[in-house]
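> Sequence and computational prediction follow.
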Amino acid sequence: MTGVLLFGTGSPILIDVVESLYRATLPIRAGIRNRSGDCHLPDDLPALAIGDLDEVLRTLPFLVPLFTPAHRQVAAREAAQAGLARPFTLVDPSVPKPRRIEIGPGGYVNAGCSLGGGSEFEEFVFVNRGASVGHHARFGAFVSIGPGVVMAGHVTIGRGAVVCTGATILPNITIGDNAVVGAGSVVTRDVPQATLVLGNPARIVRREIGGYKGSPVT
């Protein structure tokens, strides 16, 4: 491997992925700008357009540094269409990785997290800073976990769901596909798909939300 590509440069969370790669002593080859607008890539790293990808660059592994699940899914599809075929999995070196855990392609675990053994994460899961994930967690594809989330054992999070900053999930809870748990909420019962829950204890405040920021993972 001669470097990692960062596909998508429009989110400020990109800087955390950059720092994780530096801590892991993994070189960054370039950022790929898949959209016009803001570019959060540090000035010392090259920013390329999708059209700049040549045969050599297409052989490199890539990460999608976007927190919103639907945006991450769209970017992952665009990367595949551009010829990138090696989604990279990155666990920040500050995180003790259990021997018995499966993290699918494209997954990212940010600094200061705690991961429980026996867990299984599908593709392109994003776990943000300082989250604590209990044992035997099951995360569907494109799940996003916000900073400081505390999650007990045997929690299942459906495809495209988001658990926002500082939320607490009690044991044996299931969060449905494309559901959103609001910041600071305490979840004591299962959450249906495509619903928004808030509060302590968390209650449904909106149904048929379509996913985080109104955009579902399909």
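Perfect, thanks for sending it. Numbers count the residues shown, from 1 in each chain.
> Name the residues that touch the longest strand seen in the chain?
Assignment by DSSP state E gives strand 28-33 as the longest strand of the chain. Residues outside strand 28-33 that contact it (C-beta atoms under 8 Å, 6 or more residues apart in numbering) are 2-10, 14, 18, 21, 39, 41, 45-50, 52-53, 57, 60, 62, 79, 82. For every residue, glycine as well, the C-beta is placed using N, CA and C.
> same check, this time on stretch 86-104
Residues outside stretch 86-104 that contact it (C-beta under 8 Å, 6+ apart): 4, 17, 20-21, 23-24, 26, 59-64, 76, 79, 105-125, 141.
> any idea of the mean pLDDT for that stretch?
The average pLDDT for stretch 86-104 rounds to 98.
> And stretch 43-60, by the same measure?
On average, stretch 43-60 scores 96.
> List of residues touching that stretch?
1-5, 9, 18, 28-34, 39, 41, 78, 82-86.
> Ramachandran coordinates for the most centrally placed residue in the chain?
Closest to where the C-alpha atoms of the chain average out (C-alpha atoms, centre = their mean) is residue 126, at 1.6 Å. The phi/psi pair for residue 126 (degrees, to the nearest 10) reads phi -130, psi 120.
> Which strand residues bridge it?
Per DSSP bridges, the residues bridged to residue 126 are residue 108, residue 144.
> Is the closest residue to residue 85 other than its chain neighbours in a helix, a strand, or coil?
The shortest distance from residue 85 to any non-neighbouring residue, by C-beta to C-beta, 6 or more residues apart in numbering, is to residue 58 (7.5 Å). Assigned by DSSP: H, G, I helix; E, B strand; the rest coil, the conformation of residue 58 is helix.
> how many neighbours does residue 58 have?
Residue 58 has 15 neighbouring residues, counting by other C-beta atoms under 10 Å.
> before we move on, what about the one 3 residues further on?
The number of residues packed around residue 61, counting by other C-beta under 10 Å, is 19.
> From residue 26, how far off is the nearest residue to it once chain neighbours are set aside?
For residue 61, ignoring the flanking residues on the chain, the nearest one in space by C-beta to C-beta, 6+ apart is residue 88 at 3.7 Å. Using C-beta to C-beta, to the nearest Å, residue 88 is found at 9 Å from residue 26.
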